[in-house]
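Trainee: I'd like to go over a predicted model; first the sequence, then the structure.
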Amino acid sequence: MITHFRHTGIVVADLEASLQFYVDTLGFSVTKRMEETGAHLDRVLALEGVQVTTVKMAAPDGFLIELLYYQSHQQSVEQRELCTVGIGHIALQVDDIEAVYAKLMGAGVHFNAEPQTSPDGYAKLTFCQAPEGTFIELVQVLGGS
């Protein structure tokens, strides 16, 4: 039924802050930026008068994230927790979690805790939040069992 994974869409309140985080800090590259509006979009989204900027970004392995900034339908940023029902987080693999942690801490990114090694020794991981509140799990695979 499903042939492949296309992308994950994230609605943002501040497009420039989110681009700085995903592109400048995490290393995604912008692949496409569009201003979208029209009857087709209104029908597909079940909204009226949609005006949205979409920015698709690729990770080094090709994984895509799409940021969506709705000029026409601004919403407030809601505080989320990792246990909130719905999509909980995006997991990104890194080569050196301590270096990434130090870089992001230096950039003022909030973390739940410093990197932790999993009980089975397989990975070291931590969670931080993007500017719009999306939880990002950073994982370094260590090997182990």
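Mentor: Cool, the structure landed.
Trainee: ok, Gln93 - how many residues close by?
Mentor: Look at Gln93: counted by other Cβ atoms under 10 Å, it has 16 neighbours. (C-beta placed from N, C-alpha, C; glycine too.)
Trainee: correction: the previous question concerned His7.
Mentor: 13.
Trainee: and what of the one 5 residues further on?
Mentor: For Val12, the count of nearby residues is 23 (other Cβ under 10 Å).
Trainee: mind starting the numbering at 350 from now?
Mentor: Will do, 350 is the new start, and the previous item becomes Val361.
Trainee: show me what contacts it?
Mentor: Ser367, Leu416, Leu417, Tyr418, Pro480, Glu481 (Cβ atoms under 8 Å, 6 or more residues apart in numbering).
Trainee: so the first one sits in a helix?
Mentor: Yes. Counting by DSSP: H, G, I helix; E, B strand; the rest coil, Ser367 falls inside a helix.
Trainee: surely it touches Ile414?
Mentor: No. Contact criterion Cβ atoms under 8 Å: Ser367 and Ile414 do not qualify, at 9.7 Å.
Trainee: shared neighbours of these two, which are they?
Mentor: Joint contacts of Ser367 and Ile414 (Cβ under 8 Å, 6+ apart) are Ile359.
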